[in-house]
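In: Provided below are the primary sequence and the corresponding predicted coordinates.
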Amino acid sequence: MKDLHSHFLPNVDDGAKSEEMTLLMLKSALDHGVTDILFTPHYIVDSRFEKTKEENRAIFEKMKNVAKFMGINVYYGNEVYCSAEILSLYKEGKIATLNNSRYMLIEIPMNTKMHNVKEIFFELLSHGIVPILAHPERYTAYYEDYNFFYDLRKMGVLMQLNFPSLVGFYGRQAEKMAKMLLKYNLISFVGSDLHSNRDEKYEKMEKAKNIIVKIVGEVNAKEIMENNFLRVIYNQEI
């Protein structure tokens, strides 16, 4: 499996607290057969998670070399918190797309509806940036609101599932949503959303993979778990 969403980068957000923790997280990834990981630290305006890609570059390059020595390919991006400033922040070079591609991982509010989400995503798409909605199964304000996700997908927005959701890591409702979003062919990627070596999310990966295959079939499962990740890395059309 290839991991599109993670918080391995140490001391930049609520993820890894030290380089030692990053190493433990990488070892867990290696032990469970994860070959490629996108490091996607949070970027949230007016918060402690406002470090730019330039500020994070040196520590990322160091961790990239360590991961390469271990046999894992790692790439840089952000998990950007949705706001009306996204396009200007991107133009100013403060936030990163995934591996400098056209694809940007974006998170919306967890528990309340954000009424200009579609307008913000439309603006990004109009400028050639493809939003990837992080973990759609976790937004409690949109539980059962499948039309919201259908509308986004018809616009051209892609979606990334946290695979631990499939085995109840975030509760029964998130598990139900994860399975339904897969069933409705709305998911294009998976990620761990790993924040520490204590998360034990990779331990749930094999069971989650079996669930994905059962719901979408082996061919589509490979697209979701492997091929679409590579299309992002090489900035190819999805």
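Out: Okay, I see it.
In: quick check: longest helix of the chain.
Out: When the chain is parsed with DSSP state H, its longest helix is helix 53-70.
In: for that one, name the packing helices and strands.
Out: helix 19-31, strand 36-39, strand 73-76 (3 or more C-beta pairs under 8 Å, 6 or more residues apart in numbering; DSSP states H and E). Glycine gets a C-beta too; all of them are placed from N, C-alpha and C.
In: give me the mean pLDDT for it.
Out: For helix 53-70, mean pLDDT is 93.
In: just name the most buried of the helices and strands packed on helix 53-70.
Out: strand 36-39 (a mean of 24; mean count of other C-beta atoms under 10 Å).
In: in the sheet, which strands lie alongside that one, parallel or antiparallel?
Out: Counting by DSSP bridges, the strands paired with strand 36-39 are strand 2-3 (parallel), strand 73-76 (parallel).
In: tell me how far that strand is from the chain's mean position?
Out: Put simply, strand 36-39 sits 9 Å off its chain's centre (C-alpha atoms, centre = their mean, to the nearest Å).
In: alpha carbons of that strand, in CSV - could you do that?
Out: Coordinates of the C-alpha atoms in strand 36-39 are reproduced here as CSV (Å, rounded to 0.1, in the frame of the first residue of the first chain):
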residue,chain,number,x,y,z
ASP,A,36,5.7,5.0,-0.5
ILE,A,37,4.5,7.8,1.9
LEU,A,38,3.5,11.4,1.4
PHE,A,39,4.4,13.5,4.4
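In: helices or strands up against the next helix or strand after it?
Out: Remark: after strand 36-39, the chain's next helix or strand is strand 42-43, criterion DSSP states H and E. The contact analysis (3+ C-beta pairs under 8 Å, 6+ apart) places strand 42-43 against strand 79-81.
In: quick one: strands adjacent to the strand it packs on?
Out: If you go by DSSP bridges, strand 79-81 pairs up with strand 42-43 (parallel), strand 103-107 (parallel).
In: Lys51 is nearest to which of these?
Out: In terms of C-beta to C-beta, the element of those nearest to Lys51 is strand 42-43, at 7.5 Å.
In: what's across from Phe39 in the sheet?
Out: According to DSSP bridges, the residues that bridge with Phe39 are Tyr76.
In: ok, it - contacts?
Out: 6-9, 60, 63, 74-77 (C-beta atoms under 8 Å, 6 or more residues apart in numbering).
In: then Asp199?
Out: Counting by C-beta under 8 Å, 6+ apart, Asp199 has contacts Ser192.
In: stretch 64-76 spans what distance, first to last residue?
Out: Across stretch 64-76, the terminal residues are separated by 9 Å (C-alpha to C-alpha, to the nearest Å).
In: distance between it and the chain's centre?
Out: In terms of C-alpha atoms, centre = their mean, the centre of stretch 64-76 is found 18 Å from the chain centre.
In: quick check: angle from the helix or strand harbouring Met159 to strand 103-107?
Out: Element membership of Met159 [criterion: DSSP H and E] is strand 158-162. Put simply, strand 158-162 runs at 60 degrees to strand 103-107, going by axes from the mean of the first three to the mean of the last three C-alpha atoms, to 10 degrees.
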